[in-house]
Each structure stands twice: as C-alpha cells, then as structure tokens.
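A.B. asks: Quick one: sequence plus predicted model below, questions after.
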Amino acid sequence: MTRERMREIATPEGPGRAHVCRPARARGTVALGHGAGGGLRALDLMLARDVLVAHGWAVALVEQPWLVAGRRVATRPPTLDAAWVPIVEALLTGRGRLPRPLVVGGRSAGARVACRTAAVLAAQASLLLSFPLHPPGRADRLRADELALAPDPSWVIQGTKDPFGRSAELAPYAGAGTRVLEVKGAHSFPRSSTDELRRALETVAGMLPG
C-alpha cells in the first residue's frame, strides 16, 4: 500500500504543502495543483492521484500558500507561480527527492500555473484538468497564450458543459502535441462521471512519457 507523506515547503509567498504518494521504484513524478475555489479533494484530483500511482508514478498534490494560510480567495497569478516553482523544485532535489521525468498539471487555476511554469521546471508533459480558457460568458478574454505554453505532449480533460471553455473551444488553441479528452460535466465533475473520468485518466496514464 502506498502511503501519503506531507511536506511543508517554504516559498516567497509563505509555506506551501505537498502531499506525496510515492510507489516503490516510481517511474517519474506528477505534480498537480488545485483550483482557485477549492482544495485538493476535488474528484478529478483524487482520481488522478489514484490512477497515476497505480501506474507507477509518484504524485504530489500541491497546496498553495494562500490555502495553507486558510484564506478563501486565491492570490494573483504571479504569486501562484512564485510559490509553485520552489515547491516543485524542492520535491525534485535533495535527500528523498522525487524522480524525473516530471509531469506538471492541476485543475483550473492550477492548470494555468502548470502551463506558465512548465519551461522553467523542465517538465516533459502536462495533465490539465478543466483548463479555464476564458471566464464564463467572456470568450473575448482568452487565455490561449497560456495553453500554448503546455509542453509536448500534454493532455486536457475538459467537461462537456464547462462554462470556462468546452473542448471544441480549446481544440483550435491546443498545440500539435496536446490532446483534449471530453468527459461529461461542467467546470467540476459530478460523481456520476467518475467512471468516465477514470477511463480518461487511464488513457493519459498509459501514454505519459517515462
């Protein structure tokens, strides 16, 4: 049985936390961040952890400092990036470091952070859950420039009714190495979509480089 280990890691924005599940002889590491409106217990994050660990990956679910501090509202994107990078770097260095290759990702705001910082972390791939292409009802305010930063290969798992951008909206802006998988749901996935979501994650786990 793989046990979870929690690490508190200092960042310029205050202490963050990484909840790490590491199987024996891990084939690589997947670091996943949470969204702006919730924590690590989101269905897609929990399933991603379980599926990826079962496929031999070490998985770190990362809590941003604002959430660790008990705040209800996320801080601005630059501060999220400034906290995320040293947390992931700390997991990959020093005693007990997690192995490469590195896959970065997360849900919603966490997916945006992963895209923006993939290059500086030398990530080999990304797993983006409910990528928020635009605010609801504001298709004129695209974040396509962030999606374009996703490494090759990358996978996006998107709800069929996501008001932040459905899969058909994302497809034209995804890079040649990015595959978009549709799962029934909105920006968050309901329990009724568990089996479909698990199948999508199994597909991704079987294709990750490592």
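C.D. replies: Yep, it's here. Numbering: from 1, shown residues only.
A.B. asks: Could you find the closest non-adjacent residue to the residue positioned nearest the centre of the chain?
C.D. replies: Among the residues of the chain, the one closest to the centroid is Gly106, at 1.5 Å (C-alpha atoms, centre = their mean). Excluding its sequence neighbours, the residue lying closest to Gly106 (C-beta to C-beta, 6 or more residues apart in numbering) is Gly33, at 3.3 Å. C-beta here means a position set from N, CA and C on the backbone, and glycine is covered the same way.
A.B. asks: can you give me the helices for this protein?
C.D. replies: Remark: helices assigned in the chain by DSSP state H are 43-54, 65-68, 77-91, 109-117, 144-147, 167-170, 194-205.
A.B. asks: What lies in contact with the fifth one?
C.D. replies: What that stands for is helix 144-147. With C-beta atoms under 8 Å, 6 or more residues apart in numbering as the test, helix 144-147 has contacts from 112, 115-116, 128, 131, 133, 156, 170, 173-175, 178.
A.B. asks: burial count for Ser108?
C.D. replies: For Ser108, the count of nearby residues is 25 (other C-beta atoms under 10 Å).
A.B. asks: Please name the residues that touch it.
C.D. replies: Ser108 makes contact with 35-37, 129-132, 164, 187 under the criterion C-beta under 8 Å, 6+ apart.
A.B. asks: Nearest residue to it in space, please, no chain neighbours.
C.D. replies: Counting by C-beta to C-beta, 6+ apart, the residue nearest Ser108 is Gly35, at 3.5 Å.
A.B. asks: Mind picking out the helix or strand in the chain with the poorest mean pLDDT?
C.D. replies: helix 167-170 (a mean of 92; mean pLDDT, DSSP states H and E).
A.B. asks: ok, the residue nearest to Ser108 touching Ala114?
C.D. replies: No - assessed by C-beta atoms under 8 Å, Gly35 is found out of contact with Ala114, at 11.9 Å.
A.B. asks: overlap in contacts of the two?
C.D. replies: Gly106.
A.B. asks: the more surrounded of the two?
C.D. replies: The neighbour count for Gly35 versus Ala114, taken as other C-beta under 10 Å, is higher for Ala114 (33 against 24).
A.B. asks: nearest residue to that one other than its sequence neighbours?
C.D. replies: Val104 (4.1 Å).
A.B. asks: That neighbour and Ser154: what is the separation?
C.D. replies: According to C-beta to C-beta, to the nearest Å, Val104 stands 9 Å off from Ser154.
A.B. asks: Looking only at neighbour counts, state which of the two leads.
C.D. replies: Val104 (32 against 29).
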